[in-house]
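> give me the fold of what follows.
(one chain, ligands or ions: 2)
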Amino acid sequence: MIELKELTKKYDEKIAVNSLSLTINEGEVTVIIGPSGCGKTTTLRMINRLIDPTEGSILVDGKDVRETNVESLRRNMGYVIQNVGLFPHMTVAANISTVPKLLNWPNEDCEKRVTELLELIGLKPEEYRNKYPGQLSGGEAQRIGVARALAANPPILLMDEPFGAVDPLNREVLQAEFLKIQKQLKKTVVFVTHDLDEAIRMGDRILVMKDGDVVQYDSPEEILSSPADKFVRDFVGTNRALKRLSRFPISDSFHKASTVQEEAMSDCSTIRALEQSEFLWVVDSSGVLKGWIQTDDCEAGKSISEIMTVAPWEELGINRNSSLREALSRMLAQEVQTLPVVEGHGLLIGEISLSEIQNRSGRG
Ligand SMILES: Nc1ncnc2c1ncn2[C@@H]1O[C@H](COP(=O)(O)OP(=O)(O)OP(=O)(O)O)[C@@H](O)[C@H]1O
Ligand SMILES: [Mg+2]
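Ligands and ions are numbered 1, 2, ... in the order given. Just a heads-up that it's a prediction; the model follows:
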């Protein structure tokens, strides 16, 4: 647990953070959100003592951070810097093992940890370990930044706009991946963003800041349903019901889908007689989504491949880790009411329908 007690940071006369008191729960993601210059980075940097507060104190597990040795404090806190901040002249492997090396881990252990972490963040170790940051896409660099922060397995993670520099689509993917990792690792995370959707999706609790002050500290549900004042209300904006959907992963709501194997039948008239649904997903022999057929098109003498609408899973499928909000926007964009749900490399595991999303959003 991290406690901030009446924490203030002044730069000359400018108050960057104003008497901030806050309890950050263990194993949770606490999001700090607010407009540019409201004091988010300053707060984060005070927690790991990159800067000293003008007044007030910070306790980690009951102990004042000023009484803790700075090195051991930072060893307990992985830090993902705003704008990635990888060392450009060092390989991915060297970047990730920065802290383990400082801790004098044997080379072998460092290498092992690099492999483990690259796998965790979904990048092939053999392909990426020897690359330089300049050879990475924005999203890949962000992931390496997260891997580096996780390297020495710290219980606390401080993340300053970790996905700020990537486009919205990739950002969704990174968010989903991080949530998956967090479910497993249960770190105490302080996560800074100025994107409300990201805050709603990632946060167990959200701190809204303005000009160095706390405006509201609540669960995402409370922030959406009872904004503390006009500032938060404006920040939250309209479409609150839609925003709530960002919190729910598809994996909690989808159902099993009717499928047929692409090569299974040379004559598909039996499908029409037996099948209740209007359409069926078509998969290959390993269960990978290939397209769909309309049951009405199933006629004697016709094979599945003759009547099927071919659509690669990358286009048609939605990942089980995506949010209901993403599913909804895809449905609206593609003018469909059902989407196939996939995992890994296109394995079909079910489908999600508009009515399921509506049910979820109405349930409070
Ligand atoms: N070293 C410094 N000297 C003087 N003023 C500073 C210094 N660092 C930050 N500030 C001021 O303190 C305030 C808070 O800065 P901070 O970096 O915490 O904002 P932020 O919320 O992280 O903003 P952003 O979303 O743009 O990253 C700003 O007004 C900034 O200009
Ligand atoms: Mg900042």
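> residues near V80, how many?
24 (other Cβ atoms under 10 Å). Where you see a C-beta, it was placed from the backbone N, CA and C, and this is true even at glycine.
> name the element it belongs to?
strand 77-80 (DSSP states H and E).
> next, work out how far apart the closest residue to ligand 1 within the stretch 101-250 of the chain and S36 are.
With Cβ to the nearest ligand atom as the measure, H194 is the residue of the stretch 101-250 of the chain nearest to ligand 1, at 5.2 Å. From H194 across to S36, the span is 7 Å (Cβ to Cβ, to the nearest Å).
> quick one: buried residues of stretch 124-133?
Residues of stretch 124-133 classed as buried: P125, Y128, R129, K131, P133 (neighbour count, 16 or more other Cβ atoms under 10 Å).
> centre of the chain to stretch 315-329, how far?
13 Å (Cα atoms, centre = their mean, to the nearest Å).
> give me the buried positions along it.
316-328.
> and if you look at stretch 165-174?
A165, V166, N170, R171, E172, V173, L174.
> re earlier: mind checking which of H194 and S36 has more residues around it?
H194 (16 against 7).
> contact residues of the stretch 1-150 of the chain facing ligand 1?
By the rule Cβ under 6 Å from any ligand atom, the part of the stretch 1-150 of the chain lying against ligand 1 is Y11, K14, A16, S36, G37, C38, G39, K40, T41, T42, Q82.
> against I206, how distant is the fourth one?
From S36 over to I206 the distance is 17 Å, taken as Cβ to Cβ.
> what's the answer for the last one, then?
Separation of Q82 from I206 (Cβ to Cβ): 19 Å.
> and for the second one?
Spatial separation of K14 from I206 under the definition Cβ to Cβ is 25 Å.
> who's more crowded, the two?
I206 (26 against 9).
> returning to that earlier point: tell me which of the buried residues of stretch 124-133 fall in helices.
Applying DSSP state H to these, the entries found in helices are P125, Y128.
> quick one: which of the buried residues of stretch 124-133 is nearest G344?
Of all the buried residues of stretch 124-133, P125 has the smallest distance to G344: 17.9 Å, by Cβ to Cβ.
> quick one, domains of the protein?
The record assigns the chain these domain ranges, following automatic domain parsing: 2-247, 251-362.
> give me every residue in the stretch 151-300 of the chain lying close to ligand 1.
H194.
> quick one: contacts for F163?
Q142, R171, L174, Q175, F178, T193, E198 (Cβ atoms under 8 Å, 6 or more residues apart in numbering).
> where does the nearest residue to the second one once chain neighbours are set aside sit: helix, strand or coil?
With Cβ to Cβ, 6 or more residues apart in numbering as the measure, F163 is the residue that lies nearest to R171, at 4.8 Å, once sequence neighbours are left out. Secondary structure, DSSP: H, G, I helix; E, B strand; the rest coil: F163 is coil.
> show me what the lengthiest helix in the chain is packed against.
Longest helix in the chain by number of residues, with DSSP H as the criterion: helix 168-185. For helix 168-185, the packing partners by 3 or more Cβ pairs under 8 Å, 6 or more residues apart in numbering; DSSP states H and E come out as helix 138-150, helix 196-202.
> mind listing what's buried along stretch 334-347?
Applying 16+ other Cβ under 10 Å to stretch 334-347 flags T338, L339, P340, V341, V342, G346, L347 as buried.
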